[in-house]
Structures are given as C-alpha cells and as structure tokens.
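Enquirer: how would this look folded up:
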Amino acid sequence: SRHQIHCTMTEVKILMVGPKSSGKSSLSNFLADAVQNCETPSMAPTKPTVGTRILEFDRSVRKGTGSVNVSVELWDVSGDRAYEAAWPAIMHGAMGVIYVYDAGNAGEEKDLDQWHRWFGMTLGFKDSQCLIMGHRKSLEASSSRKGVPKSLAQVHFVSTTLEENHDLIKEEFDRFLVHVESAAHEMRQKEEQSVFD
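Expert: A predicted model of the protein is given here:
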C-alpha cells in the first residue's frame, strides 16, 4: 500500500514597514527571489512603492527536529505617510512585521518607535512577531542596535546588506518565520477552539 505524506502549508502575512527609501523593496524582492537576471541583488533597480506591493513565496524552515512549510505573503508597505489611510486594511490579517531603516541615514532608527506604535503595537504583536533590519545600502555604512529605541529592546535586530553575505538575510528571515508561523498556528487553534466553545 502507498502511504501519502500530507504536507501542510501554513499561510502567513508579514508586513515590511519603515521610512521611505530605507531598502524595503530591495529586501522584499531579495527574500521573495523576485530579482531576476541580476548577479548583484543590491544593483537591482527599485522605484518608490505606491501604497503596498504583495509578494508571495513559499519557504521550508526548520522547526524543532523537523521542518514546516510556510506560504508567505510579504507586504512591502510604502513609507510615504500619504498612504496612512490604507494602513488599517493593509494590517488586516498580518501575523508579523519587519521594521526596516536605512543604517546610512543617521538617526533614522529613532523613527522605529513610531513605526512600532503604528503597526506592531496596534496589532498586539509579541516581540517575537517583530524583526528589525538595519539596512546598509553600501558597505561603508555601519549598522548596530545602538540607536534603536528602548521600546524595541527585546525585538531581534539584524544588520542587512545586499552587497555581501546575502544568505545571512534569508537565514535570519527563516528564524523569524518560525516565530510568525507559531503565532499563526496558535491563533488558528484558538479560533477553532472558539467554534466548539
């Protein structure tokens, strides 16, 4: 007899937010493997995002002793406050948020507190459902947790660059994805349980 292996796919919606021109679209494209025919991801052209862009992709991530398949909807949200009226609709159903700031733009990390209030806190996320990417557009820029607001002290911080060590970005994203997938799984279990209560 043949055994069928049921491969469940957890669907998660993740928002990528932060100031304008901080590198959100470049990072989103890279994570979703949406950069075609480009040997250097940092050289892939981007233009300002109008409202939001949705990138869909699947990842298989290690969880415990096994692995879990995750279908990701990554929402690359414009940093332009002109689209703020659309944020409640954009936030609907989100299970994680990635805050991106340009590490080469001195002081930009201080804005993260406001972005956290607008998104992570509004959605009631745990620190594990949030990730900070201090993005370096060039290797000359330095990125550290030093200027990150105290309200985000427990949120995992990653220094990113598309100039080198790209695999590190995907490894860190996969670690984050495990936390987001767990939160999504917990939420679905509570929803299913409420049907029986």
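Enquirer: which residues are in contact with the nearest residue in space to Leu31 that is not next to it in sequence?
Expert: Nearest non-adjacent residue to Leu31, counting by CB to CB, 6 or more residues apart in numbering: Phe173, 5.6 Å away. Heads up, the C-betas are built off the backbone N, CA and C, glycines and all. With contacts defined as CB atoms under 8 Å, 6 or more residues apart in numbering, Phe173 is in contact with Leu31, Arg59, Leu131.
Enquirer: cutoff 10 Å now
Expert: By CB atoms under 10 Å, 6 or more residues apart in numbering, the contact list for Phe173 reads 14, 27, 30-31, 59, 61, 72, 74, 98, 131, 133, 158, 160, 180.
Enquirer: list the buried residues in the helix or strand of the chain with the lowest mean pLDDT.
Expert: Among the helices and strands of the chain, helix 166-196 carries the lowest confidence by mean pLDDT, DSSP states H and E, at a mean of 88. For helix 166-196, a neighbour-count test (16 or more other CB atoms under 10 Å) marks 166, 169, 172-174, 176-185 as buried.
Enquirer: which one of the residues you listed is nearest Thr122?
Expert: Distance to Thr122, by CB to CB, is smallest for Ala183 among these, at 15.6 Å.
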